[in-house]
Each structure stands twice: as C-alpha cells, then as structure tokens.
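S.K.: no sequence on hand, only this structure:
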DNA sequence: TAGAACTTTCAAAAGGTTCTGAAAGTTCAA
DNA sequence: TTGAACTTTCAGAACCTTTTGAAAGTTCTA
C-alpha cells in the first residue's frame, strides 16, 4: 500500500457522499467539534443503513484508529448508535436521525458549561471591582463588567428557553443589547 | 527585558480586567474568532474610555505586532473604532458597545457565508445522486441528502428572520428536525 | 487454550494556527 | 528633508490540535 493518496475513479454516489460529508463537517466544526465527526456522522446518515467501522474509514480515507476515536466520540454525544447484527463478528454503526435531539443535547451539555464558566468569572471580576480600591474610572469599569454579566445571564436564559420551547425571543435583551451608553460623558483625561 | 513572563503584583482592577477579558475571549473563540480578539475588545469595553494600542498590549502582555493585527481585525468587524485625540500623536481605540450591532454583523456576514457554501455543496450532492446511476440504496441516500438540504434551508431562513426580528421560531422545523424516519422499512440487505 | 478477527489506545509525527520581533512603512513637527 | 514616534507587515518560532500506525486489548470460534 503506497503512502500517497490514491486517486481512483470515484463513483457519483461516493462523490456526492464526500461533498455532503465535508459540507456538514464545516458546520460541525463551526460548532466546536472536529470536522471528522461531522463527516463520519454524515456518511452514516447518507448510507441510510448501518455500516461497519472499516467501511466508514475506507470511504473517508481514515485510519482505523481515527475511525474508532470518531465513533466513540459520536456515541458519547448520542448522535451515533452501535448496532448488533446477528451473525456478524464486527460492530455496525448508524446515525441518529433526530436533529432536534442532537441539537438540544449539545446545547444543554456543552453550551451550558461554557456559559456557566463565563458567568462565574464575570461575577468574580465584578466582585473584585466593587469591593476594591476607588479610582477615577473604577465605577465606569464596574458598570461595564456588570453589563457583560447581564448579557450573559439573559443569553443563558434565552438558550434554555430555546431548548424547551424551540423558540428564542431576544426581545428581553431590549436596551441591554442595544444601548447608546453615554461614554464617560463630560469627562476628559490625560 | 527578560524573556520569561514577569509576575509583578497585579492590582484588583487589572485582575478583574484579565478575568473578564479571558471569559469573553472564550465566548468569542466559540464563535470562531481568535480568543485574543475577544480579550482586546473586552479590555476596551471595560476601560470605558479610548486606549492607545500600546496600553492594550501592555495590559494583555501582547507584542505590538499582535496588538496591531487584533485591532485591525476588530475594526474590520466594526466592533472597535479608531478615535482621534487632538494633540495626540498616537491613535486611540474604543469598543463598540451595541451588542446587537455586533451580533447581527457577524451573523449576516460570516454565518451567511458558511450557510451558502454548505447549501451549494449539498445541492450538488443531491443533483449527483438524482441524475446518476441506480443502485439498491441510491434512492434512500438521495432522500437523506435532500433532508440535510431542507434542514440547512430552514436554518438559514430562521437565522435571517432572527437578525430582522430578534426572534427565532424553530417551530417551522416541525417534523423536519424531529422525525422517526422509517429506516429502510421492510427492506433487508446482505 | 490458541489464534483469528476486530477494536481501542497512545506516543510520535504531521499539520495548522497564532504570536513574536525586527524591519519596513507612515506620519508629523521642525 | 530629517528624524522621532508610532504602526504595520511577515517570516520564522512557538504552540496547539489532529492523525497515524503499531502494539495491546478484547471477543469469539474451534
């Protein structure tokens, strides 16, 4: 087996599969996952029947190791399932087809984690500024950090509502997101 | 100047600033920008007054080059503005404070670009599958690719509506996002 | 129990991204 | 026009992420 990529003639089916897999890979990457996870899921989704790991690796030109890791991670996210085929030695895998289930899982696990960590740090920052030493701009800075915090809180609430109702209303952001903010009005500094 | 990071005593203000900057950096990174862009914007936002590039670099321990590149990119996204100070040689920078303006700019430029590119590729894939050679699973695969395409189209529409109205309604996804999908019903294959 | 078929793990390599630092570029005052 | 102050650019360095490939592990059959 040569070390260079082989460019065998590709069937239209395979070509379509690669095109779609890579497109969905880009979306998935944009959501902070590895592109390969999106590609593997898409191959399974398009196949419309369970596939063995080796077949996936072959279609996407991945090593057995990479295929195994991708499938493990996809299962951890509940978007791919292992399927047992009577009489088959190897395992088969199939794609979860319920998009909403996938979306809400990602939002409720991963996004919440990030939002929580950000909220905590902003709270600490606000506390530091409030409790500590008075300077010419400390008050203004405290206001700004508090505004960031409000924003994160509202966003977090909106996201949670979204998962429950499938609707997001950003109206509550009101003048929180969009405000002209008098900038250190009437003040000058060196 | 030593090559190692110096750990001078840090004022509570500075500590708060770094904490908040890094938290917002994490959010921004999650949206596909460099973390440093989030940190620079946050320092400017918290400062609540225009700052010179050198001051930003100092606070975040960045080189002049990195600071310059970050500020250029932030301006390109319209989230930081250059400010001229009469009598000052150097340039000052201030943060855009209208969150909504920032969000909608990112959505309408960057997200749309991604969605368009994905849509195009899925359309090509669907075309390839439809026009080409009949196989036992080609019909099922075509259906799947078409479903991905519908999903992207609905998502794109929802995002555009969101930017216009500040509301997203994912109800139109209806059974598009959540469907039990009869899986190759009544068919078996080797 | 031995061995074949298959899967998982992980250290090292490859590949990608971001930052540094110095040189080039720009602007302004004199 | 010169030189000081400041900014930008970019090649190489540093850093981070992902993949490979081979060894170890697992499961099943005989």
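M.R.: All right, it came through fine. Everything numeric here is computed off the predicted structure, so don't read it as measured data. Residues are numbered from 1 along each chain as shown, chains lettered A, B, ... in the order given.

S.K.: please make it C-alpha for all contacts and neighbour counts, starting now.
M.R.: Will do.

S.K.: find the residue at the geometric middle of chain A.
M.R.: Nearest residue to the geometric centre of chain A (Cα atoms, centre = their mean): residue A:31, 3.1 Å.

S.K.: quick one: contacts for that one?
M.R.: By Cα atoms under 8 Å, 6 or more residues apart in numbering or on different chains, residue A:31 lies in contact with B:30, B:31.

S.K.: what distance do you get for it to residue B:29?
M.R.: 11 Å (Cα to Cα, to the nearest Å).

S.K.: and for residue A:69?
M.R.: In terms of Cα to Cα, residue A:69 sits 24 Å off from residue B:29.

S.K.: next: residue A:118.
M.R.: 12 Å.

S.K.: compare these two and say which is more crowded by neighbours.
M.R.: A side-by-side neighbour count of residue A:118 and residue B:29, using other Cα atoms under 10 Å in any protein chain shown, places residue A:118 first with 22 against 16.

S.K.: so that one versus residue A:125, what's the distance?
M.R.: Taken as Cα to Cα, the span from residue A:118 to residue A:125 is 11 Å.

S.K.: now residue A:153
M.R.: Residue A:153 is 15 Å from residue A:125, by Cα to Cα.

S.K.: flag every residue of chain A that's near DNA strand D.
M.R.: When proximity is defined by Cα under 7 Å from any atom of the strand, chain A lies next to DNA strand D at A:3, A:33, A:34, A:35, A:36, A:61, A:62, A:63, A:64, A:65, A:66, A:89.

S.K.: pLDDT weak spots in chain A?
M.R.: Scanning chain A for pLDDT under 70 picks out the ranges A:1-8, A:167-190.

S.K.: hey, where'd the helices end up in it?
M.R.: Counting by DSSP state H, chain A has helices at residues A:12-30, A:35-47, A:53-60, A:64-76, A:99-106, A:112-131, A:138-165, A:174-177.

S.K.: which among those helices is found nearest to residue B:144?
M.R.: Comparing those by their distance to residue B:144 (Cα to Cα), the top pick is helix A:35-47, with 5.4 Å.

S.K.: mind listing residues that contact that closest one?
M.R.: A:17-18, A:20-22, A:24-29, A:50-51, A:56, A:60, A:70-71, A:73-74, A:79-80, A:93-97, B:137, B:140-142, B:144-145.

S.K.: hmm, back to that, more neighbours, residue A:153 and residue A:125?
M.R.: Between residue A:153 and residue A:125, counted using other Cα under 10 Å, residue A:125 has the larger neighbour count: 26 against 16.

S.K.: how about the contacts made by the more buried one?
M.R.: Taking Cα under 8 Å, 6+ apart, one finds A:145, B:15, B:16, B:17, B:19, B:20 in contact with residue A:125.

S.K.: rerun at 10 Å
M.R.: A:119, A:142, A:145-146, A:149, B:12-21, B:23 (Cα atoms under 10 Å, 6 or more residues apart in numbering or on different chains).

S.K.: which among the residues you listed end up buried?
M.R.: Buried subset of the contacts of residue A:125 (neighbour count, 16 or more other Cα atoms under 10 Å in any protein chain shown): A:119, A:142, A:145-146, A:149, B:12-21, B:23.
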